[in-house]
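Q: Coordinates only, no sequence provided:
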């Protein structure tokens, strides 16, 4: 009985304690945006995401809500949540296709995919990007291409072009890595096909002459002398410095 009385007394006493108030209860849209931006600039991405999303929930209309929808995509990106970041960017593009800053949403999507997988270990032990899974790189290339196609005069277009060039070279190099892998295992048809893909899809990349060299060697192995000769002719005409470096029939690109 005494225990019950004590519990009731404690419960009664607690009811007199003031409940903790949500400090954002009376915040304006401007206050939310200011606090969220401050958290973002200070590297507190989790808090920034919370404020941006609460801002949109409480004030769904107006310029602050629109800007929050865009800024939260960047906050998710910096918080290393690429899927949420891309979803937020896609949502902004869908809701505001004519927004003056919609080009940034396209650019951010490319940036997110461009930097996928670059976590702590990658920063400590850098890896040749051409040896990584090319899926994200291909998607980043497509994202940047969509940006420059739709917004050729965007202030992000120049950087997007430069990243596309970088990605093109790395994707082509990856294909040549794979072609060499096939050569070492006697899969000469597969090696030749990989080289053809490089020549046709990445014709401006630095890996084209290397692809031609491997392709010629694959044709040699397949006993297709005419195709091998034609490939070497293309190499001599378009890349004379490579053709003159060593006898092409014996030259193997060292990776």
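A: Alright, I've got the coordinates. None of these values were measured; they are calculated from a predicted model.

Q: contacts and neighbour counts: CA atoms only from here.
A: Will do.

Q: OK, contacts around the nearest residue to residue 56 once chain neighbours are set aside?
A: Spatial nearest neighbour of residue 56, excluding adjacent residues (C-alpha to C-alpha, 6 or more residues apart in numbering): residue 65 at 4.8 Å. By C-alpha atoms under 8 Å, 6 or more residues apart in numbering, the contact list for residue 65 reads 29, 55, 56, 59.

Q: same check, this time on residue 103
A: By C-alpha under 8 Å, 6+ apart, residue 103 lies in contact with 147, 151, 154, 156.

Q: again, only this time at 10 Å
A: When contacts are counted by C-alpha atoms under 10 Å, 6 or more residues apart in numbering, residue 103 touches 93, 97, 146-148, 150-157.

Q: The spatially most central residue of the chain: which element?
A: Geometric centre of the chain, nearest residue: residue 113, 1.1 Å, by C-alpha atoms, centre = their mean. For residue 113, the element it lies in under DSSP states H and E is helix 102-114.

Q: Give me the angle between the helix or strand hosting residue 88 and helix 102-114.
A: Using DSSP H and E, the element containing residue 88 is helix 82-95. In terms of direction (axes from the mean of the first three to the mean of the last three C-alpha atoms, to 10 degrees), helix 82-95 departs from helix 102-114 by 160 degrees.

Q: Check the contact between residue 232 and residue 216; I expect there is one.
A: Yes - assessed by C-alpha atoms under 10 Å, residue 232 is found in contact with residue 216 at 6.5 Å.

Q: that older thread, what mean pLDDT does the helix holding residue 88 have?
A: The pLDDT scores in helix 82-95 average 97.

Q: in that helix, what counts as buried?
A: 82, 84, 85, 86, 88, 89, 90, 91, 92, 93 (16 or more other C-alpha atoms under 10 Å).

Q: nearest to residue 171, of those residues?
A: Closest to residue 171 out of the buried residues of helix 82-95 is residue 82 (21.1 Å), distances taken as C-alpha to C-alpha.

Q: who are the neighbours in contact with the closest one?
A: Per C-alpha under 10 Å, 6+ apart, neighbours of residue 82: 73, 74, 76, 88, 109, 111, 112, 113, 115, 116, 117.

Q: In contact with the first one, which residues?
A: The reference is to residue 73. Neighbours of residue 73 in contact, by C-alpha under 10 Å, 6+ apart: 49, 52, 79, 81-92, 105, 108-109, 112.

Q: That one sits in which helix or strand?
A: Using DSSP H and E, residue 73 falls in helix 63-78.

Q: buried stuff in the longest helix seen in the chain?
A: Assignment by DSSP state H gives helix 157-184 as the longest helix of the chain. Neighbour-count burial for helix 157-184 flags 157, 160-161, 163-165, 167-180, 182-183 (criterion: 16+ other C-alpha under 10 Å).
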